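Undergrad: I need the structure of the sequence given here:
(chains A and B)
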Amino acid sequence: RKEVEQDPGPFNVPEGATVAFNCTYSNSASQSFFWYRQDCRKEPKLLMSVYSSGNEDGRFTAQLNRASQYISLLIRDSKLSDSATYLCVVNGVDSSYKLIFGSGTRLLVRP
Amino acid sequence: NAGVTQTPKFRILKIGQSMTLQCTQDMNHNYMYWYRQDPGMGLKLIYYSVGAGITDKGEVPNGYNVSRSTTEDFPLRLELAAPSQTSVYFCASSLLTPSYEQYFGPGTRLTVT
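TA: Got it, this is the predicted structure:
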């Protein structure tokens, strides 16, 4: 089993739609969780950290379910500019200096 | 601030050649990292450094070497390039541990033929 698993997509949605991605992680001892965004042929950039209580940043909402070991990202009112690959990232517990990156979920927002 | 800069942007190497990928950050971050990203895959940690003079292996260190003589610079050396090292290489830095935001450079696209 992969340490961090994501549905690769692509998710193809119209502008204005709400879309949700899930990500599962294998190590129950993981403590830090993030969503990074990566545009085509560009570097990853932090979208948001994921906190135990869930957190929201504008149109983006992240949730953590420790019991089921999954993280979710909800995007409301999708914009064309949201088209990108979304990377689920979890800290590795064998070393605090290691982040484990999922392969990413690709989102395409169409006009 | 320029953030994290990497050179070169692109490079084609022949099998057996060597090269150094440069990475510089101007944010005074202690932690620096080298990742590789193969098509359709997640980033894999090659090496990391927690400060000048201190480096350690990540998940996939074989075929690579690093040094960290200053806070700003963290070059990655490829010795005896192999086709399996064809990838996109990203350098990143963070102020504190990886639990804080990592800032990535624009990447180096390397092809070994």
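
Undergrad: Any idea what the residue nearest to residue A:104 when sequence neighbours are not counted is bridged to?
TA: Once flanking residues are discounted, residue A:104 sits nearest to residue A:85: 4.0 Å by Cβ to Cβ, 6 or more residues apart in numbering or on different chains. No exception for glycine: its C-beta is placed from N, CA and C like everyone else's. Using DSSP bridges, the bridge partners assigned to residue A:85 are residue A:38, residue A:106.

Undergrad: Check the one 5 residues further on too.
TA: According to DSSP bridges, the residues that bridge with residue A:90 are residue A:33, residue A:100.

Undergrad: surely it meets residue A:70?
TA: No: using Cβ atoms under 8 Å, residue A:90 is not in contact with residue A:70, being 10.7 Å away.

Undergrad: Give me the residue ranges of chain A where confidence is low.
TA: Along chain A, the model assigns pLDDT under 70 to residues A:94-97.

Undergrad: about what we covered before: spell out which residues are contacts of both of residue A:90 and residue A:70.
TA: In terms of Cβ atoms under 8 Å, 6 or more residues apart in numbering or on different chains, residue A:90 and residue A:70 are both contacted by the residues residue A:25.

Undergrad: Who has more neighbours out of the two?
TA: Per other Cβ atoms under 10 Å in any protein chain shown, whichever of residue A:90 and residue A:70 has more neighbours is residue A:90, with 25 against 16.

Undergrad: who are the neighbours in contact with that one?
TA: Contact analysis of residue A:90 by Cβ under 8 Å, 6+ apart lists A:3, A:4, A:25, A:27, A:30, A:32, A:33, A:34, A:71, A:99, A:100.
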